[in-house]
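Asker: requesting a structural model of the entry that follows:
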Amino acid sequence: MTSGLPFDDIRDLVQRLSAPHTSAGERVRGDLRRVAGTLGRLEEIAVWFARATGRQPARVVRPTVALFAATHAVSSRLGVAEPIADAQRGVEAVAAGAAPVSHLCAAGNLGLNVFDLALEMPVEDITQAPALEERAAAATAAFGMEAVASGADLVCLGTVDGAGDASAMALLSALDGSEGGEWQDAGEGVQAVLTEALALHRDHSGDPLEAMRRLGGREIAALVGAILAARTQNVAVILDGLAATAAAAVLQALNPDAISHCLMADTASAPHRQAATRIGLAPLLGLGTTGSGGVAAALAAGLVKAAGEVSAGTTEVLGRAV
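Answerer: The predicted structure follows:
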């Protein structure tokens, strides 16, 4: 990022997004209906992938899961005794192939990358100060763009753990203009954090990127960059977890069309489901797997791949080259 103000390049990219590949999506829809009739949500998934990537048929060729890990000073208020050590163990488990998502990726032929976002340097306590300086937030978003540098056509984005969930809740509430009361089921400790953080940063929540750098963490900033990079490079995205939802909400607040290439894997609670609905993303699954470090995204990727194979099969039936 090279402009004078750190967030300028993000704002510029968000406003210059090209239109989705509507014609590819409609060709996929037409082919499916000619051969198989109406396939409900499976049809919609295939059409969504074609619109996001421009591919017809909507076959997934290079799917990957990308997970981010970061730490938060506010975690100590939420009963986490060793947030840095916990985050490091989570990253190591994914890297070693021992995490649940690792097994699912191996079984489903999905690539898997994990990104360590300065775990030894927790972001500021959002009840006391902005989580990040603007330049640091922009740099982290730029780093997140590397999640799509491997040439994937479907990227599943999430976090290694739920360390940033309280920040994500605060950010979603700020973007929606609420007081955070919708997250009461998260517990008294989280509710107290949300109340204090939202009160402290209330005057700055009108700008989505400013709200992100004040209330979010490094994983949310990185996810903003990854989602945006995917949109500019015709890569379809599956979102997993509260942090990914909050990142998508930031971009959607900047440009309503910015997350047309995204699909929500699952939601963790009724408020999470409502937050996803507000930005136009209906969860694909209902398994309650969003706290499992990419598990929901890996499972959802299997459905997207299946929809793509059906699309490719109908193309073959109709006598076209795949």
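Asker: residue 115 - that's part of a strand, no?
Answerer: Yes: with DSSP: H, G, I helix; E, B strand; the rest coil as the criterion, residue 115 is assigned to a strand.
Asker: that one and residue 87 touch, don't they?
Answerer: No: taking contacts as C-beta atoms under 8 Å, residue 115 lies outside contact range of residue 87: 11.8 Å. Just so you know, the C-beta spots here come from the backbone N, C-alpha and C atoms, and that holds for glycine as well.
Asker: which one's more surrounded, the two?
Answerer: Per other C-beta atoms under 10 Å, whichever of residue 115 and residue 87 has more neighbours is residue 87, with 26 against 20.
Asker: ok, now which ones touch the closest residue to the more buried one other than its chain neighbours?
Answerer: Distance criterion C-beta to C-beta, 6 or more residues apart in numbering; nearest residue to residue 87, sequence neighbours excluded, is residue 119 at 4.8 Å. Residue 119 makes contacts with 69-71, 84, 87-88, 91, as judged by C-beta atoms under 8 Å, 6 or more residues apart in numbering.
Asker: buried ones among those residues?
Answerer: Those of the contacts of residue 119 that meet the buried threshold are 69-71, 87-88, 91, by 16 or more other C-beta atoms under 10 Å.
Asker: please flag which of the residues you listed sit within helices.
Answerer: 87-88, 91 (DSSP state H).
Asker: let me see the confidence value for residue 185.
Answerer: On the pLDDT scale, residue 185 is placed at 88.
Asker: distance of the nearest residue to it once chain neighbours are set aside from residue 167?
Answerer: Distances taken as C-beta to C-beta, 6+ apart put residue 269 closest to residue 185, at 6.2 Å, once the chain neighbours are dropped. Using C-beta to C-beta, to the nearest Å, we find residue 269 at a distance of 16 Å from residue 167.
Asker: pretty sure residue 201 is touching residue 129, no?
Answerer: No: using C-beta under 8 Å, residue 201 is not in contact with residue 129, being 9.5 Å away.
Asker: list the contacts of residue 179.
Answerer: Shown in contact with residue 179 (C-beta under 8 Å, 6+ apart): 173, 195, 198.
Asker: for the last one, report the pLDDT, please.
Answerer: So the one you mean is residue 198. For residue 198, pLDDT reads 96.
Asker: do the same with the first one
Answerer: According to the per-residue confidence, residue 173 scores 96 in pLDDT.
Asker: what about it, which helix or strand?
Answerer: helix 165-176 (DSSP states H and E).
Asker: now what about that helix, what contacts it?
Answerer: Helix 165-176 is contacted by residues 72, 74, 78, 123, 126, 131, 179-180, 182-183, 186, 190, 193-194, 197-198, 201-202, 205, 208, 211-212, 215-217, 220, 241-243, 245-246, 249-250, 253, 271, 275, 278 when judged by C-beta under 8 Å, 6+ apart.
Asker: and that helix, how far from the chain's centre?
Answerer: Mean C-alpha position of helix 165-176 versus that of the full chain (C-alpha atoms, centre = their mean, to the nearest Å) differs by 14 Å.
Asker: buried ones in the helix or strand encompassing residue 298, by neighbour count?
Answerer: Assigning secondary structure by DSSP H and E places residue 298 in helix 295-317. Neighbour-count burial for helix 295-317 flags 295-305, 307-308, 310-315 (criterion: 16+ other C-beta under 10 Å).
Asker: do stretch 22-33 as well
Answerer: Buried residues in stretch 22-33 (16+ other C-beta under 10 Å): 24-25, 27-29, 31-32.
Asker: in strands only, show me those.
Answerer: Judged by DSSP state E, the buried residues of stretch 22-33 include no members of strands.
Asker: nearest to residue 62, of those residues?
Answerer: Proximity of the buried residues of stretch 22-33 to residue 62 (C-beta to C-beta) peaks at residue 24, which lies at 17.6 Å.
Asker: surely that closest one touches residue 50?
Answerer: Yes: the criterion here is C-beta under 8 Å, and residue 24 meets it with residue 50 at 4.3 Å.
Asker: list residues touching both of those two?
Answerer: 56, 58.
Asker: helix, strand, or coil at residue 51?
Answerer: Reduced to three states by three-state DSSP, residue 51 is helix.
Asker: contact partners for it?
Answerer: 20-22, 24-25, 260-261.
Asker: ok, now with 6 Å
Answerer: Residue 51 makes contact with 20-21, 25, according to C-beta atoms under 6 Å, 6 or more residues apart in numbering.
Asker: now do it against residue 159, distance only.
Answerer: 26 Å.
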